[in-house]
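**Q** need a 3D model of the sequence below.
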Amino acid sequence: MIVKGHGDRDKGAGQDVKKVITYGTFDTLHYGHILLLQRARALGDHLTVALSSDAFNRIKGKASHFDYAQRHAMLEAIRYVDAIIPEDHWDQKRDDVTTHGIHVFTMGDDWAGKFDFLSDLCEVTYLPRTPSISSTAIKLIHSAPAR
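**A** You can find the predicted model right below:
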């Protein structure tokens, strides 16, 4: 796990819960996603998932198999996830960290270094990906013509 420096945050009165946030599309939810969410939740007491909206996926040029409501329902069923918020644009991360009182921002290590700019607000970590599994590979397998 890669950990970048963080500014000291005063939790304030009544805020003794260590909050973690991660972001993603979570389309074709798989074992690697579950492990990521489990490891992210283990970094604190409360895990918020910022789930890419359908409109944001279109901006990113991504086509999702499942729509936002379906992906939201799947994430709600996972015990490691405490809250889900929409991810509507690239620039919302700083606001999310401050608005939701986040202490740890985490992503898969395929994003290593991309979010270090948040380290003045919170701890930034990059978790190892699960070897031999990816959403892209799963989508390719399912889109291949049957033999």
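**Q** ranges for the helices of the chain?
**A** When assigned using DSSP state H, the helices of the chain occupy the ranges 31-41, 54-60, 68-76, 93-99, 135-143.
**Q** what pLDDT, on average, does the last one get?
**A** When pLDDT is averaged over helix 135-143, the result is 50.
**Q** of all the helices of the chain, which one comes closest to E87?
**A** Between E87 and the helices of the chain, the shortest separation by C-beta to C-beta is 5.8 Å, and it involves helix 54-60. The way it works is simple: take the backbone N, C-alpha and C, and place the C-beta from them, glycine included.
**Q** other residues contacting stretch 71-84?
**A** If you take C-beta atoms under 8 Å, 6 or more residues apart in numbering as the criterion, stretch 71-84 is touched by 25-27, 29, 34, 37-38, 40-41, 46-51, 64, 66, 100.
**Q** list only buried entries from those residues.
**A** When the contacts of stretch 71-84 are checked for burial by 16 or more other C-beta atoms under 10 Å, the buried set is 25-27, 29, 37, 40-41, 46-51, 64, 66.
**Q** most widely separated two among the residues you listed?
**A** Looking at those by C-beta to C-beta, the two members farthest from one another are H46 and S64, with 26.1 Å of separation.
**Q** all strands for this structure, in order.
**A** Taking DSSP state E to define them, one finds strands in the chain at 2-4, 19-24, 46-52, 83-87, 104-108, 123-127.
**Q** distance to K93 and mean pLDDT for those strands - can I get that in CSV?
**A** What follows is the strands of the chain, written out as CSV (distance: least, C-beta to C-beta, whole Å; pLDDT from 0 to 100):
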stretch, distance to K93, mean pLDDT
strand 2-4, 14, 50
strand 19-24, 7, 98
strand 46-52, 8, 98
strand 83-87, 9, 98
strand 104-108, 7, 97
strand 123-127, 10, 98
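**Q** in a markdown table, list these along with distance to M74.
**A** A markdown table is the format used below for the strands of the chain (distance: least, C-beta to C-beta, whole Å):
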| stretch | distance to M74 |
| --- | --- |
| strand 2-4 | 27 |
| strand 19-24 | 12 |
| strand 46-52 | 10 |
| strand 83-87 | 10 |
| strand 104-108 | 18 |
| strand 123-127 | 20 |
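**Q** please report the distance of Y80 from D109.
**A** Remark: distance between Y80 and D109 (C-beta to C-beta, to the nearest Å) = 19 Å.
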